[in-house]
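> Sequence first, then the predicted structure, then my questions.
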Amino acid sequence: MSFKKDKGFECAHCHQWVDCRKYIGTHFRNHCPHCLWSKHVDEKKAGDRLALCRGNMEPIGLTFKHEGFDKYKKPRQGELMIIHQCQDCGQITINRIAADDDPRVILKIFEDSQKLEKEILIKLEQEGIRLLSGEDEPEIRTQLFGKLDTL
């Protein structure tokens with residue numbers, strides 16, 4: 001992805017232009033809203049732009065952000081996050097979903113993640129990242145599309 005002073009960039013994966021000036025619900029645009037691929041630019045935290053790798057980062061799954069516990073000591077459900085893996089160095093990161101991300105692509109990533117290789121599943125576990133499974137699908141859909149009334 002080539003950045004143009006916070007105005008936008010061309011996605012290195014799908015080659016579509018990504019306008020960074022639009023409101024997206026986050027301060028740091030780090031992935032394409034069309035294909036959800038990213039670029040390995042951050043090393044320790046979002047926005048630090050310290051990574052030397054600069055490899056393409058594939059969206060491989062979804063997880064929920066850790067939100068702590070409520071007053072009854074029950075875990076709070078966090079926001080939906082994209083899991084990316086760098087195609088060059090293998091680093092795994094999680095990133096916030098932006099308001100303009102394509103929900104159909106997010107669901108496709110979820111579906112594809114149910115077939116990940118054991119090696120990647122072990123790496124996610126070692127990183128303390130819980131890959132969302134079929135039992136999480138209702139919450140995924142609620143976060144993407146809102147609560148739907150059922151008759």
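That came in fine, so what should we check first? Numbering: from 1, shown residues only.
> So, low pLDDT: which residues of the chain?
1-6, 21-28, 43-51, 67, 148-151 (pLDDT under 70).
> change it to 50
Judged by pLDDT under 50, the chain has its weakly predicted residues at 1-4, 151.
> in the lengthiest helix in it, what counts as buried?
For the chain, the helix with the greatest residue count under DSSP state H is helix 103-113. Using 16 or more other C-beta atoms under 10 Å as the test for burial, helix 103-113 gives 105, 106, 107, 109, 110, 113. Placement of C-beta: from N, CA and C, glycine included.
> Surely the third one is in contact with residue 143?
No: contact between residue 107 and residue 143 fails when scored by C-beta atoms under 8 Å: they sit 11.3 Å apart.
> Tell me, how many residues neighbour residue 139?
Neighbourhood size, residue 139 [other C-beta atoms under 10 Å]: 13.
> how close does it sit to residue 53?
In this structure, residue 139 and residue 53 are 32 Å apart, going by C-beta to C-beta, to the nearest Å.
> Which helix or which strand is home to residue 141?
helix 137-145 (DSSP states H and E).
> can you tell me which residues contact the most centrally placed residue in the chain?
The centre of the chain sits closest to residue 82, judged by C-alpha atoms, centre = their mean, with a distance of 1.8 Å. Residues in contact with residue 82, defined by C-beta atoms under 8 Å, 6 or more residues apart in numbering, are 31, 36, 59, 61, 62, 94, 95, 96, 97, 106, 109.
> Skip the chain neighbours and tell me the closest residue to the second one.
Put plainly, it is residue 36. Leaving aside its sequence neighbours, residue 36 sits nearest to residue 59 (C-beta to C-beta, 6 or more residues apart in numbering; 4.3 Å).
> Let me know the secondary structure of that neighbour.
strand (DSSP: H, G, I helix; E, B strand; the rest coil).
> so what's it up against?
Here residue 59 is in contact with 31, 35, 36, 37, 38, 82, 83, 84, 109 (criterion: C-beta under 8 Å, 6+ apart).
> Okay, and the beta partners of it?
residue 84 (DSSP bridges).
> so residue 121 makes contact with residue 131?
Yes: here residue 121 reaches residue 131: they are 6.8 Å apart, a contact under C-beta under 8 Å.
> So between those two, which is more surrounded?
The neighbour comparison of residue 121 against residue 131 (other C-beta under 10 Å) goes to residue 131, with 18 against 13.
> Relative to residue 108, how far out is the closest residue to residue 133 other than its chain neighbours?
Nearest residue to residue 133, sequence neighbours excluded (C-beta to C-beta, 6+ apart): residue 114, at 7.1 Å. According to C-beta to C-beta, residue 114 and residue 108 sit 11 Å apart.
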